[in-house]
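In: Take a look and give me a structure for this.
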Amino acid sequence: MKIILEKKKLLLTDKLLIVMIILLQSSYLYTSDTLFGIRIVLPLIILVLSIITYKNKLDNRVFLIWSILFIAFCLSTLIYTVNENVTMSNLNIIIRTFFIAFVITQCIRNINTLDLALKSLMYGGVIYCSIVLILQGPNNLIASGLDISYTNGTIMQYTYVSIPTLLLIIWYMFYEKRKKIYFILCPYMFFLNFISGRRKSILVPILFFIMVITLKNWKGKSSLKKLVFPLIAIVTSIFIIWLSINNDFLYQIYGNRLEYLVNSFINPGAAVDNSLKTREYLMETGITYFKKNIFFGTGLGNFNTINRTDYYAHNNYLELLCTIGLFGGIAFYGIYIFLYKEIFKNLFGKYEVLFFSVYTIFLIMDYSTVTYSRFFYITFLALGICYIEIRKKYYIKNTEKGIYDETKTESKLRTH
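Out: This is a model prediction of the structure:
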């Protein structure tokens, strides 16, 4: 059974959805007045139009329930927060991010609009990274790496867009029929990732590449053939890491930090860079604090109050556990249980491969970054919920038509 993309006329909500997602990917470049229009006014207009278009029918309720539950835990921290202003500021960001994601869920009612949203995220990311390249200048960028003055004061803001964008390009490169554009975009975005000088900008796409090529070629293959593609991917990845460390140009940009990371695994007692030392300290501090304060933390956004560096946790798990407590952390990560359960019903389908691989990457990245209020991450969780709802509707619709027997499990449903 295949969920087929169909040629359908774009609705006004679809067109506005494309505009909103693309603009939001470049939000770090705008003034506060412009951001208000993009983050508040435009989503409200789209929500009203979707309500009218779909005759007041609320869809993808799982996302709404999860959002309300998580935001409720965040709100409850106002009772015991150590800094009310910081908590309110973070609440504002979370509510805005989840609201935008909710608006997106109300626009996505079929596989066409889902694909539209995914491509808007991808091209929006390419546009943003290209704008940064143009503003800083290719020669300057290549010579000295990414300048934070062009990325809202922090390189992390850039990588929050560049990494997920490259992941989508890699996935489309394997599954889209018209592959030429993706074979061009892939090395281009890989370059725009590695100039950020961040280890994860190289390691995450490599891991994602290995996962996608493995899952795509796993089902129905002999044991030997199942191993061929993963081995090719792993060998290629090792070569890229080796080249990054041994090439002078790449080494200066990010290879030196990659070398520290590799050495920390090979020889834990070896010297590590300041970034790794800081992260180790923050983790030890966070774990110690959480053991003493399991149910009530410092209040949303106040992890910096429990460590001498004045940093946030650089770890989504500890950030949530130490600021909103155990149940708040469970409320956030509980959605992954639902998503994985549904994905495993048809793990080797086109979209299942995407969402399984991306969510696994998210869970790994959360070990080294804070993502609970980031636009792309929350939106991608919302898109997974949308896909599961679309798949269920498609299954029920075709069962009623007698296309296949109701007794067949949903694992028989293949997407393409």
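In: which ones are touching Ser357?
Out: 167, 171, 208, 211-212, 215 (Cβ atoms under 8 Å, 6 or more residues apart in numbering). All C-beta atoms are positioned from the backbone trio N, CA, C, and that covers glycine.
In: Checking it next. Helix, strand or coil?
Out: helix (DSSP: H, G, I helix; E, B strand; the rest coil).
In: burial of the closest residue to it other than its chain neighbours, as a residue count?
Out: In space, and not counting its chain neighbours, Ser357 is closest to Met211: 4.4 Å by Cβ to Cβ, 6 or more residues apart in numbering. For Met211, the count of nearby residues is 20 (other Cβ atoms under 10 Å).
In: per-residue confidence for Met211?
Out: Note on Met211: pLDDT of 90.
In: Next, Leu78: secondary structure please.
Out: helix.
In: Pretty sure Val126 is one of the things Leu185 touches, is it not?
Out: Yes: using Cβ atoms under 8 Å, Leu185 is in contact with Val126, at 6.4 Å.
In: what is in contact with these two at once?
Out: Residues touching both Leu185 and Val126 by Cβ under 8 Å, 6+ apart: Ile169.
In: Among the contacts of Ser357, which one sits closest to Val41?
Out: Leu167 (29.9 Å; Cβ to Cβ).
In: Can you report phi and psi for the closest one?
Out: Backbone torsions of Leu167, given as degrees, to the nearest 10, read phi -60, psi -40.
In: so who does it touch?
Out: When contacts are counted by Cβ under 8 Å, 6+ apart, Leu167 touches 204-205, 208, 357-358, 361.
In: Excluding chain neighbours, give the residue nearest to Ile385 in space.
Out: Ile385 sits nearest to Phe63 (Cβ to Cβ, 6+ apart), 4.7 Å away.
In: SS state for the one you found?
Out: Secondary structure, three-state DSSP: Phe63 is helix.
In: correct me, but it touches Val103?
Out: No: taking contacts as Cβ under 8 Å, Phe63 lies outside contact range of Val103: 10.8 Å.
In: how about the CA coordinates for the host helix or strand of Ile184, as PDB?
Out: If you go by DSSP states H and E, Ile184 is part of helix 180-194. Extracted as PDB, the C-alpha positions of helix 180-194 are listed here (Å, rounded to 0.1, in the frame of the first residue of the first chain):
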ATOM      1  CA  LYS A 180      19.800  16.100  -9.500                       C
ATOM      2  CA  ILE A 181      19.000  19.200  -7.400                       C
ATOM      3  CA  TYR A 182      19.700  17.300  -4.200                       C
ATOM      4  CA  PHE A 183      23.100  16.000  -5.400                       C
ATOM      5  CA  ILE A 184      24.000  19.700  -6.000                       C
ATOM      6  CA  LEU A 185      22.500  20.900  -2.700                       C
ATOM      7  CA  CYS A 186      24.100  18.100  -0.600                       C
ATOM      8  CA  PRO A 187      27.800  19.100  -1.000                       C
ATOM      9  CA  TYR A 188      26.800  22.800  -0.900                       C
ATOM     10  CA  MET A 189      25.100  22.500   2.400                       C
ATOM     11  CA  PHE A 190      27.800  20.100   3.700                       C
ATOM     12  CA  PHE A 191      30.300  23.000   3.000                       C
ATOM     13  CA  LEU A 192      28.000  25.500   4.700                       C
ATOM     14  CA  ASN A 193      27.800  23.200   7.700                       C
ATOM     15  CA  PHE A 194      31.500  22.600   8.200                       C
END
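In: Show me what that helix is in contact with.
Out: Contact partners of helix 180-194, identified using Cβ under 8 Å, 6+ apart, comprise 125-126, 129-130, 132-133, 159, 162-163, 165-166, 169-170, 172-173, 176, 201-202, 205, 244, 250, 253-254.
In: just stretch 19-34 next, same as before
Out: So stretch 19-34 is contacted by 35, 38-39, 42-43, 46, 100, 103-104, 117, 120-121, 123-125, 127-128, 131, 151-152, 157-158, 161, 165, 375-376, 379 (Cβ under 8 Å, 6+ apart).
In: picking up where we left off before, now list the buried members of the contacts of helix 180-194.
Out: Among these, those buried by neighbour count (16 or more other Cβ atoms under 10 Å) are 125-126, 129, 132-133, 159, 162-163, 165-166, 169-170, 172-173, 201-202, 205, 244, 250, 253-254.
In: count of neighbours near Gly44?
Out: Careful, residue 44 is Leu; it's not Gly. Neighbour tally, Leu44, other Cβ under 10 Å: 12.
In: Helix, strand, or coil at the residue nearest to Ser357?
Out: helix.
In: Just list the residues touching it, thanks.
Out: Residues 356-357, 360-361 are the ones in contact with Met211 under the rule Cβ under 8 Å, 6+ apart.
In: Any idea how many residues pack against Tyr311?
Out: 14.
In: For Ser130, which non-adjacent residue is closest in space?
Out: Leu192 (7.7 Å).
In: what separates the one you found from Val126, distance-wise?
Out: 8 Å (Cβ to Cβ, to the nearest Å).
In: just Phe183 next, same as before
Out: Separation of Phe183 from Val126 (Cβ to Cβ) stands at 14 Å.
In: buried ones in stretch 188-203?
Out: Within stretch 188-203, judged by 16+ other Cβ under 10 Å, the buried ones are 188-190, 192-203.
In: Which SSE is immediately downstream of the helix or strand bottoming out on mean pLDDT in the chain?
Out: Ranked by mean pLDDT, DSSP states H and E, the helix or strand of the chain with the weakest confidence is helix 256-266, at a mean of 62. Downstream of helix 256-266, the next assigned helix or strand under DSSP H and E is helix 274-292.
In: who touches Pro43 in this structure?
Out: With Cβ under 8 Å, 6+ apart, Pro43 has these contacts: 20, 99-100, 103.
In: Mind doing that once more with 10 Å?
Out: 16-17, 20, 24, 96, 99-104 (Cβ atoms under 10 Å, 6 or more residues apart in numbering).
In: Could you check the pLDDT of it?
Out: pLDDT for Pro43: 94.
In: That one: which element?
Out: Counting by DSSP H and E, Pro43 is part of helix 42-53.
In: Can you dump the C-alpha atoms of that helix in CSV for me?
Out: C-alpha atoms of helix 42-53 as CSV (Å, rounded to 0.1, in the frame of the first residue of the first chain):
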residue,chain,number,x,y,z
LEU,A,42,1.0,35.6,10.0
PRO,A,43,0.4,32.4,12.1
LEU,A,44,-2.9,33.8,13.4
ILE,A,45,-4.1,34.6,9.8
ILE,A,46,-3.2,31.1,8.7
LEU,A,47,-5.0,29.5,11.7
VAL,A,48,-8.2,31.5,11.0
LEU,A,49,-8.1,30.6,7.3
SER,A,50,-7.5,26.9,8.1
ILE,A,51,-10.4,26.9,10.5
ILE,A,52,-12.6,28.4,7.7
THR,A,53,-11.2,26.1,5.0
